[in-house]
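> sequence unknown, structure follows:
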């Protein structure tokens, strides 16, 4: 099996699951319990928090555990809206965010908030000038993803941070669900960034894990009220085994990050250079450094994306249409639409997404399968092949 | 750049007349103890300072230890260089490049113990000043209150250069003021009181009352962990845990509620005194702060202090809570102190303790108890642990946790 759908989810690593199991058995106490069993659970929880903070060059009290990336996005956006509504009701995001951001914004619009969706160019990038023009006195939040989940465009976070320096009261949120372990640490640690969302299952941790970074001194309203866990910001009994497993997965991910990024780049380049040669291929992701190393999105106009996915499945290769979250609905990709890609091309887009577990040999196998898939669909292509 | 020695200046003890020798001997002993992890170091004690030859050991790590040895006024890491002006110039430039940033102000200050050296003090100042004016035009010379002082010492064996003087913790060498016991609860105040006792040169032993099952193992571990925070100032501290359950239960069941706290404290103080005498300690230290809680009003102190004539020293007696917290944060005990484990002062606390207990009544109620028997059984159950700074009592599973993460 060749698994090239790592932006949808990754397979949990065996050593990460070992930690999950051992912590479930030996550190199962509720961290809030007063007795020694609870104390043991709490020691594990706080050690995991400390490790993640160190890896993220942050303070332990700036790390809050969540259940997934969607929760993190919802929390930062709604939490800002609730906390700062007396100061303004205007939020800014981009047209290509993940549904966890876009649909949260839609909910807020129904509650009377105003949202500006920044457009992107044909390559998938917002223009910082648009952001500058969109900022108003009543803007309370700017939310921009680090890496687009469909085409891999790395958004200009440093330029945005520079603009927001003059607007110190605006919360700056970055959805980095696709950006962790992809060579972006320096950008993510830009001091102007206030909030960052992460999801564990994108880096070989178990499902149901995630965390947000919340810069010291920033405040948002909690979404989950209850027993006061996570410094009263996110109630709910802590998922200690999964959190410990995530801390380990993050450490493994960030070990030799540069080499892993270079490795993914090499695999992606090998596939790109092969498929881009074919006449009926439209590339969306590019090899330039402003694209993430692990995402490759392209289309075979004339063939529906899901048909291509199933064709590769015959070769035991697993890829996706654009994003897993929208692929089953059969709708066209929102990112490609925002890039003004014509609908008949956008619906034939597929996404190959890699991680450090993949190999160059798998890229060669993919390329060989691609030749067959391409030949098989030739009669569907709009321009007859000469 | 590699420092070759650290020059330590003694503090207040330089003025202590005839006791000087004893003080310096104790300080050098304490420094040696604090630096036992660095076998390559060589100590050279002098009249008013101590030279520590680094012999390749890490200067920063050594200085971190020195910052916890009371009696040290300040210290300077310095570079030794051969008595040759070409070599001195090169070393000065290297040292200044590493420690003095562009645009800073400075002056040169030379001291000479080797009077045979070719340049005298003034000539040395001028020579180095001239050289620096040419080589570091970015720096400004300033005689009064400069940012940096380049200290040059011409000694028989070499010339020593330094630009940095780090303030030491001050105080008196621990042990020079005798020994006391500290009543350590687990709260914020008593560790600070212990720190201040150590700072005045008093060696302390911890007396901790615990009441299982009313107080947890964690509360005991916390008190021991707090002791690890003070141990680096002395090397190690003796921790004496005193079982207090029977006394608390007896008082609770036989005396009126309003006097529970007062009588309990009298018994604690009696036990502390007995332990102090046995350990050869001359005074009792505690973390009481006037008026903070019911047991710390002046009236309460009268009713409690009554049981002993041994000096009771209350280093934080007149400090505000915020001032105490500030010190607790500086000595890294605050985060531990606020961990929420019941200690024996809070359990059995009556809803309305007497803030103005009457001395005669306190004596009367206490006389109804078998004080001697209760004390004897408590003293028989004492356990003693020698605690060092590197000991770990709270996080028993850290190795396992590190392995799993």
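Perfect, I can see it now. What you see is a predicted model, and the numbers here were worked out from it, not measured in a lab.
> ranges for the strands of the stretch 151-300 of chain B?
Secondary structure of the stretch 151-300 of chain B (DSSP state E, counting those that start in this stretch): strands at B:159-162, B:166-167, B:179-183, B:203-210, B:236-243, B:283-285.
> what's the following helix or strand after the helix or strand of chain A with the lowest mean pLDDT?
With mean pLDDT, DSSP states H and E as the measure, the helix or strand of chain A carrying the lowest mean pLDDT is helix A:324-327 (a mean of 51). Sequence-wise, the next helix or strand beyond helix A:324-327 is helix A:334-338, with elements assigned using DSSP states H and E.
> Please name every helix or strand in contact with the stretch of helix or strand residue A:374 belongs to.
Of the helices and strands defined by DSSP H and E, residue A:374 is found in helix A:360-376. Helix A:360-376 sits against strand A:2-3, helix A:257-275, helix A:305-313, strand A:317-318, with contacts defined as 3 or more C-beta pairs under 8 Å, 6 or more residues apart in numbering or on different chains; DSSP states H and E. Placement of C-beta: from N, CA and C, glycine included.
> tell me the average confidence for the third one?
Along helix A:305-313, the predicted confidence averages to a pLDDT of 95.
> Next one: residue B:264 from residue A:172, what distance?
When distance is defined by C-beta to C-beta, to the nearest Å, residue B:264 is 56 Å away from residue A:172.
> JSON lines please, covering the helices and strands packed on helix A:360-376 and showing mean neighbour count.
Conversion of the helices and strands packed on helix A:360-376 to JSON lines gives the following (neighbours: other C-beta atoms under 10 Å in any protein chain shown):
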{"stretch": "strand A:2-3", "mean neighbour count": "19"}
{"stretch": "helix A:257-275", "mean neighbour count": "17"}
{"stretch": "helix A:305-313", "mean neighbour count": "18"}
{"stretch": "strand A:317-318", "mean neighbour count": "18"}
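> Now do stretch B:354-371: everything it contacts.
Under the contact criterion C-beta atoms under 8 Å, 6 or more residues apart in numbering or on different chains, stretch B:354-371 has outside partners B:250-251, B:254-256, B:258-259, B:261-263, B:266-267, B:270, B:294, B:297, B:299-300, B:302-304, B:306.
> Starting from the lengthiest strand in chain B, tell me the next helix or strand along the chain.
Longest strand in chain B, counting residues (DSSP state E): strand B:72-81. The C-terminal neighbour of strand B:72-81 among helices and strands, as given by DSSP H and E, is helix B:85-99.
> near chain B, which residues of chain A?
With C-beta under 8 Å from any C-beta of the partner chain as the criterion, chain A comes near chain B at residues A:19, A:22-23, A:26-27, A:34-36, A:39-40, A:43-44, A:47-48, A:51, A:244, A:247-248, A:251.
> List the buried residues for the helix holding residue A:374?
For helix A:360-376, burial by neighbour count (16 or more other C-beta atoms under 10 Å in any protein chain shown) applies to A:362-363, A:366, A:369-370, A:373-374.
> now the strands: where do they sit in the stretch 101-250 of chain A?
Remark: strands assigned in the stretch 101-250 of chain A by DSSP E, counting those that start in this stretch are A:114-118, A:139-145, A:171-175, A:195-199, A:210-214.
> Export these as a markdown table, with columns for mean pLDDT, distance to residue B:32 and mean neighbour count.
Formatted as a markdown table, the entries for the strands of the stretch 101-250 of chain A read as follows, by pLDDT from 0 to 100; distance: least, C-beta to C-beta, whole Å; neighbours: other C-beta atoms under 10 Å in any protein chain shown:
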| stretch | mean pLDDT | distance to residue B:32 | mean neighbour count |
| --- | --- | --- | --- |
| strand A:114-118 | 97 | 66 | 18 |
| strand A:139-145 | 98 | 58 | 25 |
| strand A:171-175 | 98 | 53 | 28 |
| strand A:195-199 | 98 | 49 | 28 |
| strand A:210-214 | 98 | 46 | 26 |
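> Ok, which of the ones you listed comes nearest residue B:231?
Residue B:231 lies closest, by C-beta to C-beta, to one member of the strands of the stretch 101-250 of chain A: strand A:210-214, at 35.9 Å.
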